[in-house]
Structure formats: structure tokens, C-alpha cells
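>>> predicted model and sequence below, questions to follow.
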Amino acid sequence: MTKTYKQVFIAQSRQKAVDADHRRKINHSLLQSDIAFNKGIDRFSDLQGARKMANAIKKHTINHLDRHLLSFEKKFRENGGEVIWATTPEQAQNAIYSICRKAEAKSVVKSKSMVTEEIHLNSFLSSRGVEVVETDLGEYIQQLAGEPPYHLVAPSMHKSKEEVAALFHKKTGAPAGLSPEQLTQFAREVLRKKFVQADIGITGVNFLLADIGGVALTENEGNGRLSTSFPKIHIAVTGIEKILPSVKDLALFWPLLATHGSGQHITVYNSIFTGAKKNGEKDGPEKMYVVLLDNGRSGLLADPGARESLYCIRCGACLNVCPVFRNIGGHTYNSTYGGPIGSVITPHLKGMQSHAHLSHASSLCGACTEVCPVKIPIHALLLYNRQLSAKMASRAEKLAWKVWAKACSSRSIMNMANGKIKQKVVGTLFSGAWGEHRKLPVFAPQSFNQLWRKQRQVK
Amino acid sequence: MKVEIFIPCFVDQLFPQTAFNVVRILERAGCEVLYNVNQVCCGQPAFNAGFHKESRAVAEKFLEAFSGEHLVVTVGGSCTGFVRNYYRQLFTGTALSEDVSIKAPHFYEFTEFLVEKLKILNTGSTFKGKAVYHDACGALRECGIKSAPRKLLHNIEGLQLIETEDCERCCGFGGTFSAKYEAISVAMGEQKVHNAIAAGADYIISTDLSCLMHLDGYIQKHKLPIVTRHIADIIVS
């Protein structure tokens, strides 16, 4: 029998949670991002005001998503670009492949993009004879390792520098034991050739700009710029929610994304693309396409209880602060988007029945909500998913909560039996679930309620 | 001042001594403590599991036990936060929504009540030892309680309070999460405990017994040299 997603999640989380090596590496990486983050947000004179403003802009934008998308499309076309609407991953894949075929493209360079992960573009294209090379260093490492990205922003944060050196040695023939600087230099040399040879550059999108018909791209390595300047064709792939009404909104969103994503005041390279090379221009691709992917997002839009999840700018801050992510790592979620925001949207995108466990695998500590730069009430959205999933719960669970409600709304039931009997019942019911690493709490011989009644002579 | 108290169901059953300590401290501070013996659970476990109807059934019963005339002191930030922040949603569109909007803001966590309402910063208590304070998520993020317990602890004679990097990180209890995702819950607790020991603490102090119960379960099972204490158990001495 094949295992359910939930069973796989529990088995893998059980492994990861006790993996001391993983814990050491991830705590080290996250400590660096904590330090950077705290420095970064210090640069805001009024962070709470900035978050409120960003939330208001996103709320307005998502509530009028249709209008903003159409405005983007119109402007982008006027700029000479082409817009491709894709309802499903298959439509996006096929559209991109048909561009490759028309251009007789043999090789594609990619800068970082989670949406292309979502539609499994790399395997789709390479199985059709198109070479795909990831050019973001972290993504390149993941591609060499044959692993999906571990984290939205830092794809290979779970690997130590020694592991990366060993991987390069094994997969690329690089000399053994290179330092991070040498590894970077090595990757640069490999990738420079790829940039020059590539027929098509594929990028993600950080923000679509409705008023100017532009695509804003944020990166730290310059690989985004190279991916969009050498190849003759640039394809930007994005989810429909990544839109801002105006280029002016970047004044707020660029620093919010940079500080929350990597602790930087502003990311190193911020580019805005408004279509292909124009007449008389020397640089730039001859053709530019934007693929607008839905893939379940309009379902989130249609549901007022879940809609706020579309405000997400994929900064990854909620992952960094999440104690669950810190203990199980990015791959255990087995979904493109891990961490708290992934646990909110994945059940909607992939099926509530099969993925509700992600929304339950949270202590509801609220650190995600506290950090979110666009003020998505992430843990409240997890609670909303739990409410949806309760309707699909097993009969046994439904019955258990009915019995619970009966017992807990009755003082006489709560006062029934003495501590010893309760201990026995709870021990039988919960000792398995409470596990072998914790001693069960001990019932008092008499409850506070019973003792109070006696002491103060209340009947 | 007349105050009503709410003793969360698990405190009622497992930690009556701490609940009595809360009563003692309030009475010492000059409060007349009213306890309605018919009070039940606040309904949070079912709500967090997504079972709103069942949660509401219990919460309705819960509301009956409070008059709406006095402030209510609660042992712990978790139930306080739930009543203050989620009851409105739970009772939207029901006949009780008005009752909720009157009663829910009356709920105060114990240390928050001492500091903000009674303006007590120094309880005149003595307690020897080194301790870390664990910010319970319900207290910290649902109720916004950060300074009140620290102010009280700083003024306890003999107590040395150590601040740790991870004081605001969740201990891993999380209600049914602690059983459903036992391995993750334990891993979170384990790090909390070991960080406290590494900081040189003899005690982990918090406002919330649910966190402490989970951490204590780990400590006892592994026979570790650290003890959990509810803040009222420290203040009472």
C-alpha cells in the first residue's frame, strides 16, 4: 500500500527532528540569517507602519487582481512583450516548450524561480532534449545534488561548505576540498560559458508592475541579469498574485523584501524589464514573454478565509523563524513551498484531504504572523485550514470531539473520579502519543475545584 | 478590588497548588477573589483542531461562569489569548456575540493583571536561584505580555534572571500538536531545556503551565538538572 502524504511527513519529520547533524547545520545557517535580519529591520524607522502599508497595498491589489493583471497585460503588450496565461502547470510547461521549439533552443539558463519548481519545468524541458542550467549558486548546488530547493530564498542552506565542495568534486570534476570562494569562482567559470551559449533565459518574477507593464527581478549574484541579457529570448514565469499596482510601490516593497529575505538593506541587483529590445537599442533579448500561472491561486482568491495568503512576497522570513521548519527542514514538507506559508497554501493548491496535515503540524506559536512583512495572519490561516479539514475528519475523530465537548462543558464530569483513576485513563489513552521522551504529567489527587469547594464550603 | 478567577481545565486537574498560589497572591494584594465553581474549559483545544461547533458548545458554558462585572484573572496566557482574540470569531452571528464583546476583554493573565491593573512591581518575595524566563507564545504573541513577568521577577530577592537568545521561541507544546507530531514537539522542547541548562539556569520559569508541563516531562524522563516553576509558585515564596 502506498503511504499517504501525512504518513510520509510523520516518518520523515521523526527522522529529521533527531538528526543532530541537520540540526547543527540549520541552526548555524539560521543564526546567520537571524543576525542579518535583526540588523536589516533596524533600518526601518517605522517597521510596523511599513508592514501596515504593505498589507494595505496587497489587500487592495488582490481584491482587484483582475483589473491589475489586465492592466499589466495591456501595458506589457504595448511594450512589445507577450503574455501567456496558464491555468495549469501543463499549460505553462507546454507554452514554454513551444517557445523553445520555435526558437530551436537547445539550452536554457535559469535564474532563481520557485514557480518553475512548482510546475517542474526543469525535468519537463530536459526530458524533451532542452538542457536547463540553474545559475543561482544555491540552485546550481541543488541541481547538481538532484534535490529541490530546501528554502524559498536560500535553496542550499542545509549543506555545509564541506558538503558543497564534495558535491562539486563528484559532479563537475572540480578539485577536491575547494573553499567557498574557490567554489564560487569555479561555478562562475562554468556558468559564464552557459550564459553565452544559452538560447533562452528563464527567470522568476518578484513583482509584476501593473502601471508600466514591467517585471521586477531581485537577486544578489548578477545571474539574473546575465540570464536576461545574453540569450535572445527571456521568459519570466510567475504566479498571478505577484503583482503591484505601480512601479512606485517598489520603494516600499524592495526594502521589505530585502530585509525580510536576507537582512540586506536592499538586494544587490534590482532590475525592471519592460519587454524586449526596442528599435535602436543595443542590449536585451529580442523577445520577452511573461507566463502568468494560476494553478489553484484563483481558488485561494475565491475563498475569503484563505485569500490573504496571496499577499505573500516569498521572502522566506516565516520559514526562518518557524520552530517546526528549524527542526524538520525544508524537504520534509514534500511541497514546493515549505514552512508556514507553504503549510497554508499547499493544502489549497494540492488538496485539503491529502495535505491538511501540514496545517496541523504547527504549534501555532505565531512567530510567522509576527514576522510577516505584509502582515499575513499566517497562524490564523492555519487555523482556518484546520476548520476546513475538520469537515473531512474521520468518524472516530468527530466522535472524539463530541465526547470531549460533552465532558468539558460539564463540571460534574470534570470532577468525576479521583486523580488515580484519571491518571490511568489518560495514561492508557495518551502515553503512546506523548511518546517515550516525556514523562506524563501527574494528576492531583483532587482538582482545584474540589479543593476549593471543601476549603470555602461551597456546594 | 473584586476579581473573578479562571483556572484552566488542565491547571485545575494537574496543578491545583499553583492555582491556590495565584489566589493567595491576589488576596495578599488586597483582592477579593471570586471563583465560580461551575466554570469549565474555555474550548480552545477543539477550536485549534478545527472543530468550532464543539468548541462553541464548551465556550458557551464557559461564558456562563463569568459575570461580566469584574475583571477575570487567568492562570496562563494561552487561554487568556484565546478568549480575548478568538471568541469574537467563534461567536460571530450568534446570540452570544454581544455577551462576548463585553466579557472577553475582561480577561487578564495573572502577571499582566498584577503589573498593569494592580500596579504591583515588587511582591516582596524571596527566591534563591538562577532562572531563565520562557516567553509562552500565548502570553507573548496573543496577549503581548513581555515586560510584566520580567518586572516581577527582577524584583524577587535572591533570584538571578538570565536572558537567553531563544526565550521567545516556542517550547513545542502546542496542544494536540505535542501528541500528533510528538517527534517535532520533543525536539523543540529538548533544545529549549538544553539551552536553559547551558545558560546556567536552575529553573525555567513561565506564565504558562502547559509549556512547563511539556518541558518538565522531558526533563524528568531524562533526569536533567533543571526544574520548571510557574511564576506564581516563585512569587508566593
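Nice, I can see it.

>>> now do the SS call for residue A:149.
coil (DSSP: H, G, I helix; E, B strand; the rest coil).

>>> tell me if I'm right that it and residue A:333 touch.
No - Residue A:149 is beyond contact range of residue A:333, at 11.6 Å (criterion: CB atoms under 8 Å). In short, each C-beta sits where N, CA and C put it, glycine included.

>>> and the spatially closest residue to residue B:186 that is not a sequence neighbour, what does it touch?
Excluding the flanking residues, the one nearest residue B:186 by CB to CB, 6 or more residues apart in numbering or on different chains is residue A:437, at 4.5 Å. If you count contacts by CB atoms under 8 Å, 6 or more residues apart in numbering or on different chains, residue A:437 has them with B:182, B:186, B:190, B:217, B:218, B:221, B:222.

>>> do residue B:26 as well
B:3, B:5, B:33, B:73.

>>> and the two most separated of those?
Greatest spacing in the contacts of residue B:26, by CB to CB: B:33 and B:73 (8.0 Å).

>>> more crowded one of those two?
residue B:73 (28 against 19; other CB atoms under 10 Å in any protein chain shown).

>>> now the strands for chain B?
For chain B, the strands defined by DSSP state E occupy B:2-6, B:32-34, B:71-74, B:107-109, B:126-134, B:157-162, B:203-206, B:227-230.

>>> can you give me phi and psi for whichever residue of chain B sits closest to chain A?
Proximity of chain B to chain A (CB to the nearest CB) peaks at residue B:174, 2.7 Å away. Phi and psi for residue B:174, reported as degrees, to the nearest 10, are phi 70, psi 30.

>>> for the closest residue to it other than its chain neighbours, give its distance to residue A:317.
Spatial nearest neighbour of residue B:174, excluding adjacent residues (CB to CB, 6+ apart): residue A:363 at 2.7 Å. Relative to residue A:317, residue A:363 is positioned 18 Å away (CB to CB, to the nearest Å).

>>> neighbour-wise, which of the two wins?
Neighbour comparison, residue A:363 and residue A:317: the larger count goes to residue A:317, with 30 against 26 (by other CB under 10 Å).

>>> where's the nearest residue to the more buried one once chain neighbours are set aside relative to residue A:220, distance?
Once flanking residues are discounted, residue A:317 sits nearest to residue A:260: 4.1 Å by CB to CB, 6+ apart. Distance of residue A:260 to residue A:220, computed by CB to CB: 14 Å.

>>> same question for residue B:63.
Where residue A:220 is concerned, residue B:63 sits at a distance of 53 Å (CB to CB).

>>> ok, those two, which is more surrounded?
residue B:63 (22 against 18).

>>> which ones are touching the more buried one?
By CB under 8 Å, 6+ apart, residue B:63 lies in contact with B:96, B:99, B:100, B:103.

>>> now do 10 Å
Residue B:63 makes contact with B:39-40, B:42-43, B:83, B:87, B:91, B:96, B:99-100, B:102-104 under the criterion CB atoms under 10 Å, 6 or more residues apart in numbering or on different chains.

>>> again, but for residue B:62
Going by CB under 10 Å, 6+ apart, residue B:62 touches A:408-409, B:6, B:9, B:38-44, B:55-56, B:79, B:83, B:87, B:103.

>>> tell me which stretches of chain B form helices.
Using DSSP state H, the helices found in chain B span residues B:9-14, B:16-28, B:44-49, B:52-64, B:77-90, B:97-103, B:110-112, B:137, B:147-154, B:177-180, B:182-198, B:209-221, B:231-235.

>>> ok, residue A:10 to residue B:203 distance?
According to CB to CB, residue A:10 and residue B:203 sit 34 Å apart.

>>> quick one, the helix or strand harbouring residue A:38 and helix B:182-198 angle?
Using DSSP states H and E, residue A:38 falls within helix A:20-41. Computed by axes from the mean of the first three to the mean of the last three CA atoms, to 10 degrees, the angle separating helix A:20-41 from helix B:182-198 equals 70 degrees.

>>> out of the contacts of residue A:437, which are buried?
B:182, B:186, B:190, B:217, B:218, B:221 (16 or more other CB atoms under 10 Å in any protein chain shown).

>>> quick check, the first one in contact with residue A:14.
Yes - the criterion here is CB atoms under 10 Å, and residue B:182 meets it with residue A:14 at 8.3 Å.

>>> spatially central residue in chain B, please.
residue B:76 (1.4 Å; CA atoms, centre = their mean).

>>> report pLDDT for the closest residue to that residue other than its chain neighbours.
Of all residues not flanking residue B:76 in the chain, residue B:208 sits nearest, at 4.5 Å (CB to CB, 6+ apart). pLDDT recorded at residue B:208 is 98.

>>> low-confidence stretches in chain A?
Within chain A, the segments meeting pLDDT under 70 span A:1, A:429, A:431.

>>> look at residue A:217 and tell me its secondary structure.
What three-state DSSP gives for residue A:217 is strand.

>>> ok, now which ones touch it?
The neighbours of residue A:217, taking CB under 10 Å, 6+ apart as the test, are A:111-113, A:203-207, A:224-225, A:227-228, A:236, A:267, A:269-273.

>>> give me that answer again for 6 Å
Shown in contact with residue A:217 (CB atoms under 6 Å, 6 or more residues apart in numbering or on different chains): A:203, A:206, A:224, A:271.

>>> closest point of chain A to chain B, which residue?
For chain A, CB to the nearest CB, closest residue to chain B: residue A:363, 2.7 Å.

>>> OK, contacts around that residue?
Residue A:363 is in contact with B:170, B:172, B:174, B:177, counting by CB under 6 Å, 6+ apart.

>>> could these go into TSV alongside neighbour count and pLDDT?
Output for the contacts of residue A:363, formatted as TSV (neighbours: other CB atoms under 10 Å in any protein chain shown; pLDDT from 0 to 100):
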residue	neighbour count	pLDDT
B:170	30	98
B:172	28	97
B:174	28	95
B:177	23	95
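
>>> determine which two of those residues are furthest apart.
With CB to CB as the measure, no two of these lie farther apart than B:170 and B:177, at 9.6 Å.

>>> can you list the residues of chain A near chain B?
By the rule CB under 6 Å from any CB of the partner chain, the part of chain A lying against chain B is A:13-14, A:17, A:323-324, A:327, A:361, A:363-366, A:370, A:386-387, A:389-390, A:401, A:405, A:408-409, A:411, A:433-435, A:437-439, A:441, A:443-444, A:447-449, A:451-453, A:458.

>>> coming back round to it: might one say that the residue nearest to residue A:317 is in contact with residue A:318?
No - using CB atoms under 6 Å as the test, residue A:260 is too far from residue A:318 to be in contact (9.0 Å).

>>> wait, which of the buried ones among the contacts of residue A:437 is closest to residue A:177?
Nearest to residue A:177, judged by CB to CB, of those is residue B:190 at 33.9 Å.
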